[in-house]
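Peer 1: Build the 3D model from these lines:
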Amino acid sequence: MADPQRAPLHDPPLSPRLKLAGLWASLMFCYVYGDYFGLYVPGKLGGMLAGRMAPLGAVTQGVLLGTSTMMAIPALMVCAVLLLPAALARWSSVLLGLAYTAIMLMTMAGAWQFYIFLGVIEVLLSLGIVWAAWRWPRRGPATP
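Peer 2: Residues are numbered from 1 along each chain as shown. Predicted structure coming up:
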């Protein structure tokens, strides 16, 4: 008699929506930790107390709104890829994934090692988002 504990595990395919939600969530965790650990960089808190946000300059309501918007979009994409129609979820993931890849590449120059480490992971995750969205399966032709 075959031992059920030795049988291969069943690994059903994941829906593209779940893949994308997981990738967006992982990306957000890396963003949060990168920003949090960045607070330990010498001089960072002094700049914050002086009302400056490198490299954006003086902190204003507009700067804070802009950076909040930039960080809210990936967080909202975790939910959006689950709720939006497939075509919209796919294209928004492709376009925003490319945009956030570019943003990360621009912010990594001259950064501390921890930030570059997380930045490389973020670039890989955002490119993974683009790849997973691009490869979203299509429905086969209708059969009579």
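Peer 1: distance of the nearest residue to residue 26 once chain neighbours are set aside from residue 104?
Peer 2: The spatially closest residue to residue 26, leaving aside those adjacent along the chain, is residue 125, at 5.5 Å (Cβ to Cβ, 6 or more residues apart in numbering). For glycine as for every other residue, the C-beta is placed from the backbone atoms N, C-alpha and C. Residue 125 is 9 Å from residue 104, where distance means Cβ to Cβ, to the nearest Å.
Peer 1: One more: residue 22?
Peer 2: Taking Cβ to Cβ, one finds residue 22 at 18 Å from residue 104.
Peer 1: out of these two, which sits in the busier spot?
Peer 2: Counting neighbours by other Cβ atoms under 10 Å for residue 22 and for residue 104 shows that residue 104 has the greater number, 24 against 17.
Peer 1: secondary structure element for that one?
Peer 2: Using DSSP states H and E, residue 104 maps to helix 86-107.
Peer 1: list the helices and strands that helix packs on?
Peer 2: On a contact count with 3 or more Cβ pairs under 8 Å, 6 or more residues apart in numbering; DSSP states H and E, helix 86-107 meets helix 16-38, helix 61-83, helix 113-134.
Peer 1: what's next to the second one, contact-wise?
Peer 2: To tie it back to what came earlier, the one meant is helix 61-83. The contact list for helix 61-83, computed with Cβ atoms under 8 Å, 6 or more residues apart in numbering, reads 17-18, 20-21, 24-25, 27-28, 31, 53, 56-57, 89, 92-93, 96, 100, 103.
Peer 1: Name the helix or strand of the chain that has the lowest mean pLDDT.
Peer 2: Among the helical and strand segments of the chain, the one scoring lowest on mean pLDDT, DSSP states H and E is strand 52-53, with a mean of 89.
Peer 1: What pairs with that one, parallel or antiparallel?
Peer 2: With DSSP bridges as the test, strand 52-53 is paired with strand 57-58 (antiparallel).
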